[in-house]
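Colleague: predicted model and sequence below, questions to follow.
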Amino acid sequence: MQVLSSNPHVPVYSLEPDEVTGSNQFRVYNFEGSLPTESDLLIPHRKNHYLVVFIRRAGSRHWIDMTPYVIKDNTIYFSGPNQIIVKEGYEQLWSTGIAFTEEFLALQENASISKLPLIQNPHNGHALQLTEADIDFVEDMLTRINTENQHPSDWQQRMLSAYLTVLLTYLSRLYTEQFTGNDTSVDTLLLKKFQAKINEYFRELHEVSDYASMLHISAGHLSEVVKTQSGKPAIKHIHERLVLEARRLLFHTPHSLKEIAFDLGFSEASYFNRFFKRETGVTPADYRATIRKMYQ
């Protein structure tokens, strides 16, 4: 995947040309038991395009704008340009994804797509639950899109646009049903600010009270709001971000456990070892050996 940004911390990936049509504005991905690409596993990155993925079977989690999502079977996941994405796990994946750029949406025949709720995403949602009937509809539309994509013709572009419009319109109806009444209150904004601060300072600050001070509120109030809004304690958000970065360093760098511990703000490697095992169930050394073996 082509990297558009020179920023080593959050690279921006462009849409690679479709293997069948050669288009760099619209692409269909099909995965049948594949592992994530090693090069972007655990690497925070952005995409310069929209991505809508139907997950048939998978495990693990991914992160969008530093919010973790447990990947569930028979679920739609979606994201837009420039959101920060991290693929955390390395389980096999069965899915079909459709990627398209803002240039694709600017085409006259696609003008209506850009106005759909799923694309506008006013509630900042990223997952849709599907019923059996929804699954049948989505599978049918994806089959039609796959078939059309593999048979170039003078009508291919219009057919793909028509099928995509129907699919995204259907998913937009689900979006409005599932996100209607979502809280966009001050508490929701506080959760987002807390998550943003964690992403910026997780190496230096490991306590909820540190972030409460930065946000000019009490630690008790921050903890209460975060637990209500996210369903998990505030300290868990901090720990999850530390674990994510630890996994990235263990997989992608040759740094020693001691170096990684100090990089993440632990005064002793032993503290880091205990923390990582408590949070993940395995030691850092065992995790490094296991994940590297998967990609040998």
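Modeller: Cool, the structure landed.

Colleague: would you map out the domains in the chain?
Modeller: With domains defined by automatic domain parsing, the chain comprises 12-179, 186-294.

Colleague: and the shortest one, what's its mean pLDDT?
Modeller: In this model, domain 186-294 has a mean pLDDT of 95.

Colleague: end to end on that domain, go ahead and measure it.
Modeller: Using Cα to Cα, to the nearest Å, the end-to-end distance of domain 186-294 comes out at 44 Å.

Colleague: need the domains of the chain in CSV with mean neighbour count, can you?
Modeller: In short, each C-beta sits where N, CA and C put it, glycine included. Formatted as CSV, the domains of the chain follow (neighbours: other Cβ atoms under 10 Å):
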stretch, mean neighbour count
domain 12-179, 17
domain 186-294, 16
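
Colleague: could you tell me which helix of the protein is the longest one?
Modeller: helix 156-179 (DSSP state H).

Colleague: which strands and helices sit next to it?
Modeller: In terms of contacts (3 or more Cβ pairs under 8 Å, 6 or more residues apart in numbering; DSSP states H and E), helix 156-179 is packed against strand 49-57, strand 75-79, strand 93-101, helix 117-120, strand 127-129, helix 132-149.

Colleague: figure out which of those is closest to residue 180.
Modeller: With Cβ to Cβ, the closest approach to residue 180 among those belongs to helix 117-120: 10.2 Å.

Colleague: now do that closest one: everything it contacts.
Modeller: Residues outside helix 117-120 that contact it (Cβ atoms under 8 Å, 6 or more residues apart in numbering): 50, 52, 78, 80, 105, 113-114, 168, 171-172, 175-176.

Colleague: ok, which pair from these is furthest apart?
Modeller: Spatial extent of the contacts of helix 117-120 (Cβ to Cβ) is set by the pair 105 and 176 at 19.5 Å.

Colleague: where in the stretch 51-200 of the chain is pLDDT low?
Modeller: Counting by pLDDT under 70, the stretch 51-200 of the chain has low-confidence residues at 181-184.

Colleague: so who does the residue lying closest to residue 86 once chain neighbours are set aside touch?
Modeller: Spatially, and ignoring its direct neighbours in sequence, residue 86 is nearest to residue 63 (4.1 Å; Cβ to Cβ, 6 or more residues apart in numbering). Residue 63 makes contacts with 44, 69, 84-86, 88, 244, as judged by Cβ under 8 Å, 6+ apart.
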